[in-house]
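Visitor: curious how this folds, go ahead:
(one chain, ligands or ions: 2)
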Amino acid sequence: MHKINMKNAGLSEQFIQEAALYKELYVGRIVSQYKNVYKVITEYGELTAEISGKFRYKVKDLSQYPAVGDFVMLDKTNDRSGNAIIHAVLTRKSIFERKAAGTANDVQVIAVNIDTVFICMALNQDFNVRRVERYLSIAWDSGAIPVIVLTKSDISKDISANIAQLDSVAIGVDVLVTNSRSEKGHQAVEPYIDSGKTVAFVGSSGVGKSTLINRILGADLLYTKETRNDDKGRHTTTRRELIVLPDRGALIDTPGMRELGIESASVSKSFADIDKLAENCRFHDCSHEKEPNCAVLKAIQNGVILSERLVSYQKLKKEAKYEGLNSKQIETEKMNAMFGKMGGMKNVRKMIKEKNKRKR
Ligand SMILES: Nc1nc2c(ncn2[C@@H]2O[C@H](COP(=O)(O)OP(=O)(O)OP(=O)(O)O)[C@@H](O)[C@H]2O)c(=O)[nH]1
Ligand SMILES: [Zn+2]
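Guide: Ligands and ions are numbered 1, 2, ... in the order given. All right, here's what the predicted structure looks like:
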């Protein structure tokens, strides 16, 4: 095993102090996970580990289990399986999580202890300001600093127009332009990658996260996605891995996240400007739709904010409202809202039935 500089890999003074409370144990950082087995780096090198039975018994919910990026306390002795034993997880400084697909309540921890989240978005027909907004609200909630990374500038039709679209949603957020087809196309992200720091790459599948990471790694390492020899093919969807760069900190590649859950607390953060304006509305429960003396509508009239921004704000708020319901209930709620004008779901079902009858 070759030694690893754990300070470069993100082990800050704060973690060192907390780790010192565990006398007999030593510290490691979770690099990846496969089922119950974790790949962990320590100053002595890389090893595999499992959580202790006691730990498993103690934790109340899944989000407390070790996740990629966690600093954990390990036993010096391996168990019979040859794995080290994880006894504790050190206090996380940031948590990037989303609602698990298909459920309203379960959160899925994507990665933790991140300093910078690169929200990656391709400059092609997939470019979507609303999606950036969703990622931004989750990123602000995580405790890490978001940075928008636009990819594939080589195939963009109008970069400045795309960037202008982001102006209103990405207040105070750096926007970088990259191109992995050119040798120096990744330079804009370099300043964020530094010893002791951890950056994570998030964004839809296919936007070029892995390609960009390969560019950053350059000659240091050639990173290729895990491939499987069995008939399941590449399992890019479950990929989540921390890579340590010599002298340049750590980076985490994440799989494309198709369904992003939105939590209500996060709504207000990325729409802080609208909330601020809303304080000046005449009615404290103003919906900013047609109320008199609505400060938000006035700001739109005056060109201070874009009307589309209010629309997506209201959309997000509505989605956050479903918090606590299961996916089936949300579906019903959405259908009811959608078909409310037609007299509710019952009527809609009747209409569909009748339509089908006529077809036959
Ligand atoms: N034209 C162009 N194509 C790119 C660029 N970067 C990546 N691609 C291509 O886009 C495709 C997807 O790239 P990946 O790096 O696998 O995308 P990803 O975001 O890691 O996707 P997932 O692994 O599914 O999350 C590949 O065919 C790349 O060759 C770029 O800067 N310009
Ligand atoms: Zn208002």
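Visitor: within range of ligand 1, give me the residues from the chain.
Guide: Proximity of the chain to ligand 1, by C-beta under 6 Å from any ligand atom, involves residues 151-152, 154-155, 179-181, 205-211, 236, 255-256. Using the backbone N, CA and C atoms, a C-beta is placed for each residue, glycine as well.
Visitor: run the last query once more with 8 Å
Guide: Contact residues, the chain versus ligand 1 (C-beta under 8 Å from any ligand atom): 120, 122, 151-155, 178-182, 185, 201, 203-214, 225, 236-237, 239, 253-256.
Visitor: hmm, which of those are the buried ones?
Guide: 120, 122, 151-153, 178-180, 185, 201, 203-204, 207-210, 212-214, 239, 253-255 (16 or more other C-beta atoms under 10 Å).
Visitor: just the ones of these in strands?
Guide: Judged by DSSP state E, these include 120, 122, 151, 201, 253 as members of strands.
Visitor: farthest-separated two in the residues you listed?
Guide: Comparing all pairs in those by C-beta to C-beta, the longest separation belongs to Ala122 and Asp253, at 16.0 Å.
Visitor: give the contact list for the nearest residue to Leu123 once chain neighbours are set aside.
Guide: Nearest residue to Leu123 in three dimensions, chain neighbours excluded: Ser156, at 3.5 Å (C-beta to C-beta, 6 or more residues apart in numbering). Taking C-beta atoms under 8 Å, 6 or more residues apart in numbering, we find Ser156 in contact with 123-124, 150, 162.
Visitor: give me the distance from the longest strand seen in the chain to the chain's centre.
Guide: Identified as the longest strand of the chain according to DSSP E is strand 26-34. How far strand 26-34 lies from its chain's middle: 19 Å, per C-alpha atoms, centre = their mean, to the nearest Å.
Visitor: list the contacts of the helix or strand just after it.
Guide: Sequence order places strand 37-42 as the next helix or strand after strand 26-34, per DSSP states H and E. Contact with strand 37-42 is made by 4, 6, 9, 26-33, 46-51, 66, 72, 74, 83-84, 86, 242, 244, as judged by C-beta under 8 Å, 6+ apart.
Visitor: which among these count as buried?
Guide: Buried subset of the contacts of strand 37-42 (neighbour count, 16+ other C-beta under 10 Å): 4, 6, 9, 26-33, 47, 49-51, 66, 72, 74, 83-84, 86, 242, 244.
Visitor: any idea how far Val189 lies from ligand 2?
Guide: Look at Val189 and ligand 2: by C-beta to the ion, to the nearest Å, they are 39 Å apart.
Visitor: check that residue and give its pLDDT.
Guide: Note on Val189: pLDDT of 95.
Visitor: check contacts around it.
Guide: 118, 147, 149, 176, 178, 199, 212, 216.
Visitor: make JSON lines out of the residues you listed and add secondary structure, pLDDT and distance to Ile95.
Guide: Converted to JSON lines, the contacts of Val189 look like this (DSSP: H, G, I helix; E, B strand; the rest coil; pLDDT from 0 to 100; distance: C-beta to C-beta, whole Å):
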{"residue": "Phe118", "secondary structure": "strand", "pLDDT": "97", "distance to Ile95": "17"}
{"residue": "Val147", "secondary structure": "strand", "pLDDT": "97", "distance to Ile95": "18"}
{"residue": "Val149", "secondary structure": "strand", "pLDDT": "97", "distance to Ile95": "21"}
{"residue": "Leu176", "secondary structure": "strand", "pLDDT": "96", "distance to Ile95": "24"}
{"residue": "Thr178", "secondary structure": "coil", "pLDDT": "96", "distance to Ile95": "26"}
{"residue": "Val199", "secondary structure": "strand", "pLDDT": "97", "distance to Ile95": "15"}
{"residue": "Leu212", "secondary structure": "helix", "pLDDT": "91", "distance to Ile95": "24"}
{"residue": "Ile216", "secondary structure": "helix", "pLDDT": "89", "distance to Ile95": "24"}
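Visitor: lovely, talk soon.
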